[in-house]
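> heads up, no residue letters with this:
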């Protein structure tokens, strides 16, 4: 099987594009928030420390959420949390409050980053699973490449970068709900089984 099989049957093609968009949104938001830690009106070193420290509980939460809430709902909830927090930072003045809300957003996006690896692998059959994760991860890296350029959009309108992160994360969080749940289910072995996965 080749990577083209990820785009052949229409249901699998829709799923692949949905997951690729999710990877792009997660990477753009994650790296965008990581690179903008010094833009919240707080000491750069403290901002960086808080940004790094936020990742530890976020990854811990993602492990717990995968078991208790399933893959789809966990990924959707963490993306929505990240997107809403990014949107709220637009309305909060510079300072500790803005940093706090932005780090709530980073918490959500970081947890989504931890969840998406598992979820992507479980959505595809065994014989193309690693190719699917590789293609989706590559699309995510394109998002990571774009994130510094999106940050420069703030030169034209100050909230534009955070608004972009927010719109991507929220829209992706909603679209993830169209994907099937894979928790506590047999992983697909063939493309036919992939098309039969139910939400």
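Done, it's in. Computed from a predicted model, the values in this text were never measured in an experiment.

> Touching, residue 21 and residue 175? I think so.
Yes: with contact defined as Cβ atoms under 8 Å, residue 21 counts as touching residue 175 (6.5 Å). Glycine gets a C-beta too; all of them are placed from N, C-alpha and C.

> Who are the packing partners of the helix or strand residue 163 falls within?
Assigned by DSSP states H and E, residue 163 belongs to helix 160-175. If you count contacts as 3 or more Cβ pairs under 8 Å, 6 or more residues apart in numbering; DSSP states H and E, helix 160-175 packs onto helix 10-35, helix 71-89, helix 96-122, helix 129-151.

> nearest to residue 54, of those?
Nearest to residue 54, of all the helices and strands packed on helix 160-175, is helix 96-122, at 4.9 Å by Cβ to Cβ.

> contacts for stretch 37-55?
33-34, 89, 93-96, 98-99, 102-103, 106-107, 110, 154 (Cβ atoms under 8 Å, 6 or more residues apart in numbering).

> and with 7 Å instead?
Stretch 37-55 is contacted from outside by 34, 94, 95, 96, 98, 99, 102, 103, 106, 107, 110, using Cβ atoms under 7 Å, 6 or more residues apart in numbering.

> OK, contacts around the nearest residue to residue 164 once chain neighbours are set aside?
Spatial nearest neighbour of residue 164, chain neighbours left out: residue 150 (5.2 Å); criterion: Cβ to Cβ, 6 or more residues apart in numbering. When contacts are counted by Cβ under 7 Å, 6+ apart, residue 150 touches 28, 32, 161, 164.

> Confirm for me that the third one is in contact with residue 154.
In this case it means residue 161. Yes: here residue 161 reaches residue 154: they are 4.7 Å apart, a contact under Cβ atoms under 7 Å.

> The two: which is more packed in?
Using other Cβ atoms under 10 Å, the more surrounded residue of residue 161 and residue 154 is residue 161, with 28 against 16.

> residues in contact with the more buried one?
Applying Cβ under 7 Å, 6+ apart, the residues near residue 161 are 32, 150, 151, 153, 154.

> How about the fourth one: what's its closest non-neighbour residue?
Right, the one you point to is residue 153. Nearest to residue 153 is residue 160, by Cβ to Cβ, 6+ apart, at 4.2 Å.

> What is the burial count for the one you found?
16.

> do the same with the one 10 residues further on
Other residues lying near residue 170 total 19 when counted by other Cβ under 10 Å.

> doesn't residue 83 make contact with it?
Yes: using Cβ under 7 Å, residue 170 makes contact with residue 83 at a distance of 3.6 Å.

> Good, we can wrap up now.
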